[in-house]
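Trainee: Got a sequence here, can you build the structure:
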Amino acid sequence: MRLARSTLWAASLIPFASADVKFTSITGGDALIVGYGPSPITVEWTDSGNEPKIAQLESYVLDLCAGTNDNFASVKTITSKGLFSLGNIAKGIILPTDGGDAESAYFFRIVSKTKDGETITNYSPRFTLSGMAGKFPASVQEALDAEPILDTDAPVIEDANDTELKKRQGGAPIGAGAAATATAVAAGGSYTIPYTMQTGLTKYAPMQRVPSSKITKSSASMQFPTSNYTPYTTYASIPTQVMTVTQSGTFTISSREATQHCINLNHAPRFFSTTTALPSNQHQQQQQQPPRGADLIRRRQLLTRVQEYRAAKKLQESVPAAAMSINKPDVREALKGKYPAKTHARKVKEWIVANGGDAGGVVYLEGQKTRMNEDNDQEMPFRQRRYFFYLTGCDLPDCYLAFDMKTEKSTLFIPPIDPDEVIWSGLPLSPEEALQKYEIDDCKPSTEVNAYLSSANNSKATVYAINGQISDETTFLSFENKNFELLKTAVEECRAIKTSYEIALITHANNVSTAAHTAVMAAAKSATNERELEAIFLKNCIERGCRNQAYSSILASGTSAATLHYVRNDQPLAGKLNLLVDAGAEKDCYASDITRTFPISGKFSPESRAIYDIVLRMQKEAIDSLKAGVNWDEVHSQAHRTAIAGLLDLGILKGDAKAIFDSRTSVAFFPHGLGHYLGMDTHDCGGHPNYADKDPMFRYLRKRGTLPAGSVITVEPGIYFCRFIIEPYLKDEKHKGFIDEKVLEKYWEVGGVRIEDNILVTENGYQNLTETPKETVDVEAIVAG
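Mentor: Modelled structure (predicted):
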């Protein structure tokens, strides 16, 4: 049967206005996959066109909900106190244990608050979270068992309650206000409760005398006030909400002391949650999330009489959550076809011809050979040559490619079956299977390479190959011209601009790495050694299908974070402030390269937080400036200026900002380039670096010049406190006057902070392919647990 639509949300006793938020990142019926550990998601929305507009909204609470339209509950708070001024987007993580597994059981709920104090609720369409291994609340599971979801429509909220309420109140504004409003309410005759008792954001929900099995608009007999009700007020001054209820019901209400009042009383804000347990339906009022570190006190109360209370442990703010970048539908769709080897081959051909090459030539490439360790019979780890892979998509050893530029025919040569090897390694890929798997036109045994090259009519053609990647037994005698230089450059230049398939592979690698990075953060507080966390990273990548790493992982604790390519990963964590994790999974020969720095204890020290904020500002400014045609040298320079401004504010640097920049003193703290191209190699080709540059600020910048659309570049600013690098600056007349040694002394233990994302450059902007949490509140919450 069709899913019933509820016209009154039975789980809340607050009125709602017309929809003003429309979710854009979720489509009804989406199937999102949750990994084995924390999985990231981005939730986005836009203005629906209804009143009030988003511009009129102030804050919101975003929840992941599950259940039917008549019986559902929040299973995860994504953002407990979001601000619309920061954009129409929320990011976070979800764990597979956050809920159960049911078709179309999930949807998002956003409860928005206007600048005038109104409350509006909107829902996303329903979707499925595959891979969830937890449990639903009992009432939700019971409802799902009784009424399976057959639609993608989430609960629908109407504004009848809000309109009726305002009419009954005689148009009086909500909240404690001028005395005139009290007169207006009293004149309406609707309430017997003095207006002075209606403190905070008081809203009285229409209720019926005796609740039926389901509270719906059609079955509710609205009375103002109801025959049995008692206003609940806490001893906290100016509570945010006050609720009235019928005598039979189970409900939860909450309030928080006003900030100013807390300041007057000289103590921290307290958050109160009160539950009244009575035999009837359950009404769950939307709770305001407490501030980090607030004390949580639960009171079980029958109407206004306190029966018992207990103090709970220090409450940590919920991690902004919601999941599923891994195997996103757009990534899965992009990777359904074959690797676009022929597209790449044509790009290479066009580049060669455009640079004076022979349009009738032949491209010849060799894959990596099987290599043995020099002192035993074991094979060395295999890594395919990227030039070969780019034109074949083939990740097998001992293979060859011939691409006829005139006919655009690709012929792949693979090793023939060796009967003696089958017992040890199994049957190899057959030519028929290769034709099905790769974007090629023909497949032959590798024993026929020379015969193919000599039999072709190539007497006047040019063969293009890469010097140093040609086997001794390969012969080009039939070719009149041989060019061993142009092909390498051609491939490198073409690789700089990615196809949609390549972008999908990099995105997938990023998604896997995000899950692994988040798992490391979550485990850091209980770990004792860097190697434990490296093992967690590798485990999370391998179990998600990425066995290979794009590079050797860097897990540097304490002052080791000042070593850019630290790879020991074996030091104890005790007594260290921070951990820098620079690690990335590889998906089908395509890399991710992500760095996060976080406090091992779950809370940044003041010095660490100050440096982290500067680096995050450097990164955000750099990313926001990106689009096709932007000069990367200038973006790098601006990152140095931002670093200088931040270090001046802290007192580590002193003097004139421009003079510091011109002297290159900031290189002592930010010695590497802002980022590099990313693709099949971590430091991908095509960036035209100049390592002989005499300017130390640009010597290690691996991309020079403008950025084209379709390129993927890392943005990885950092600030480091490396004694070996900085101490010579303290003795150099050119630099020492700009550095305050006394202030610097407080920051050595910070070690280093680096934050790195992978960015796709587009014609008019950019797309951030990295969703790993990096906001301070998110990072601290994940580590703290």
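
Trainee: Flag the helix or strand of the chain with the lowest per-element mean pLDDT.
Mentor: Scoring the helices and strands of the chain by mean pLDDT, DSSP states H and E places strand 305-311 at the bottom, with a mean of 23.

Trainee: Give the buried residues for the longest helix anywhere in the chain.
Mentor: Longest helix of the chain, by residue count under DSSP state H: helix 500-524. Neighbour counts using 16 or more other CB atoms under 10 Å place 501-524 of helix 500-524 among the buried residues. Where you see a C-beta, it was placed from the backbone N, CA and C, and this is true even at glycine.

Trainee: domain parsing for the protein?
Mentor: 21-158, 341-495, 500-784 (automatic domain parsing).

Trainee: need those in CSV with distance to Asp330, can you?
Mentor: Converted to CSV, the domains of the chain look like this (distance: least, CB to CB, whole Å):
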stretch, distance to Asp330
domain 21-158, 11
domain 341-495, 19
domain 500-784, 8
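
Trainee: and those as TSV, adding mean pLDDT?
Mentor: As requested, these are exported to TSV (pLDDT from 0 to 100):
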stretch	mean pLDDT
domain 21-158	86
domain 341-495	95
domain 500-784	98
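
Trainee: how about the helices of the stretch 301-450 of the chain, start to end?
Mentor: Here the stretch 301-450 of the chain has its helices, by DSSP state H, counting those that start in this stretch, at 329-334, 341-354, 386-392, 419-425, 431-437, 449-455.

Trainee: can you give me the offset of the last one from its chain's centre?
Mentor: Taking the mean of its C-alpha atoms, helix 449-455 sits 50 Å from the chain's own mean (CA atoms, centre = their mean, to the nearest Å).

Trainee: Kindly report the same for the fifth one.
Mentor: In this view, helix 431-437 has its centroid 37 Å away from the chain centroid, taken as CA atoms, centre = their mean.

Trainee: now the shortest one
Mentor: Its chain's C-alpha centre and that of helix 329-334 lie 17 Å apart, by CA atoms, centre = their mean.

Trainee: Just to be sure, Val615 is in a strand?
Mentor: No - assignment of Val615 by DSSP: H, G, I helix; E, B strand; the rest coil gives helix, placing it outside any strand.

Trainee: Who are the contact partners of it?
Mentor: Thr597, Ala643, Pro717, Gly718, Ile719, Val753, Arg754, Ile755 (CB atoms under 8 Å, 6 or more residues apart in numbering).

Trainee: How many neighbouring residues does the fourth one have?
Mentor: When you say that, I think you mean Gly718. 27 (other CB atoms under 10 Å).

Trainee: Nearest spatial neighbour of it, chain-adjacent residues omitted?
Mentor: Spatially, and ignoring its direct neighbours in sequence, Gly718 is nearest to Arg754 (3.5 Å; CB to CB, 6 or more residues apart in numbering).

Trainee: got it, and the third one?
Mentor: Using CB to CB, 6+ apart and skipping the chain neighbours, the partner closest in space to Pro717 is Met618 (3.8 Å).

Trainee: follow-up on the earlier one: give me the subset of the contacts of Val615 lying in strands.
Mentor: Counting by DSSP state E, these place Thr597, Gly718, Ile719, Val753, Arg754 in strands.

Trainee: Kindly state the beta-bridge partners for the first one.
Mentor: Right, Thr597. Bridge pairing for Thr597 (DSSP bridges) gives the partners Leu580.

Trainee: can you map out the helices along the stretch 501-650 of the chain?
Mentor: Listed in chain order, the helices of the stretch 501-650 of the chain (DSSP H, counting those that start in this stretch) span 530-542, 606-624, 632-650.

Trainee: Figure out which of the ones you listed is closest to Gly367.
Mentor: Proximity to Gly367, assessed across these by CB to CB, is greatest for helix 530-542 (24.1 Å).

Trainee: Could you tell me which residues within that closest one count as buried?
Mentor: Quick answer for helix 530-542 (16+ other CB under 10 Å): Glu530, Glu532, Leu533, Glu534, Ala535, Ile536, Phe537, Leu538, Asn540, Cys541.

Trainee: same thing with stretch 469-483?
Mentor: Gln469, Ile470, Phe476, Ser478, Phe479, Asn483.

Trainee: Turn the residues you listed into CSV, columns for secondary structure and distance to Pro689.
Mentor: CSV is the format used below for these (DSSP: H, G, I helix; E, B strand; the rest coil; distance: CB to CB, whole Å):
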residue, secondary structure, distance to Pro689
Gln469, coil, 22
Ile470, coil, 27
Phe476, coil, 32
Ser478, coil, 38
Phe479, coil, 33
Asn483, strand, 25
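
Trainee: Quick check: the farthest pair among the residues you listed?
Mentor: Greatest spacing in these, by CB to CB: Gln469 and Ser478 (19.7 Å).

Trainee: In the stretch 151-300 of the chain, where is pLDDT below threshold?
Mentor: For the stretch 151-300 of the chain, the stretches with pLDDT under 70 are 157-300.

Trainee: go with 50
Mentor: For the stretch 151-300 of the chain, the stretches with pLDDT under 50 are 158-300.

Trainee: Redo the helices of the stretch 501-650 of the chain as TSV? Include distance to Thr392.
Mentor: Listed next are the helices of the stretch 501-650 of the chain as TSV, based on distance: least, CB to CB, whole Å:
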stretch	distance to Thr392
helix 530-542	25
helix 606-624	34
helix 632-650	31
